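> Give me the fold of what follows.
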Amino acid sequence: MKLIQTDKAPGAIGPYSQAFATNGLVYTSGQIPVDPANGEVPEGIAAQAEQSCKNVGAILEAAGSGFDRVIKTTCFLADMGDFAAFNEVYARYFVSKPARSCVAVKTLPKNVLCEIEAIAEV
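Numbering: from 1, shown residues only. The predicted structure is shown next:
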């Protein structure tokens with residue numbers, strides 16, 4: 001088991017890690033749309049989805065993987081009304097169309113609009 005860490009994605013804001021790799025897979029923690037350069041959260045679902053995808057990508061890269069190797073994602077939305085706009089951004093990154101669950105939740109950390117976690121081959 002190998003701890004995956006990068007400063008190109010936000011650090012954990014609790015007692016967890018950005019990701020772990022084991023048995024040929026990397027498991028990312030959920031990535032909210034915090035810009036690791038300045039700690040800011042962009043406005044709106046499209047910009048937040050974009051930043052969450054970039055954060056997932058940075059962790060995958062640190063693990064020696066990439067979007068094309070993702071086999072499963074779990075996506076959390078604060079409002080299912082954002083589903084279509086979220087999907088537009090998501091589809092540009094996860095072009096291999098991995099298996100996915102997408103659920104609405106009452107609240108996400110920092111009151112963001114979305115969060116994405118991924119499982120990928122290393």
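
> Report all helices and strands that the helix ranked longest in the chain contacts.
Longest among the helix segments of the chain by residue count, using DSSP state H, is helix 45-62. Taking 3 or more CB pairs under 8 Å, 6 or more residues apart in numbering; DSSP states H and E as the contact definition, the neighbouring helices and strands of helix 45-62 are strand 25-28, helix 83-93, strand 114-121. C-beta: built from backbone N, CA, C; applies to glycine.

> Same list (the ones you listed) but as a markdown table, adding mean pLDDT and mean neighbour count.
As requested, these are exported to a markdown table (pLDDT from 0 to 100; neighbours: other CB atoms under 10 Å):
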| stretch | mean pLDDT | mean neighbour count |
| --- | --- | --- |
| strand 25-28 | 98 | 22 |
| helix 83-93 | 98 | 16 |
| strand 114-121 | 98 | 23 |
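
> Compare those and give me the one nearest R100.
Go through these one by one with CB to CB and the one that ends up closest to R100 is helix 83-93, at 8.4 Å.

> Quick check: next helix or strand after the closest one?
Moving toward the C-terminus from helix 83-93, the first helix or strand encountered (DSSP states H and E) is strand 99-104.
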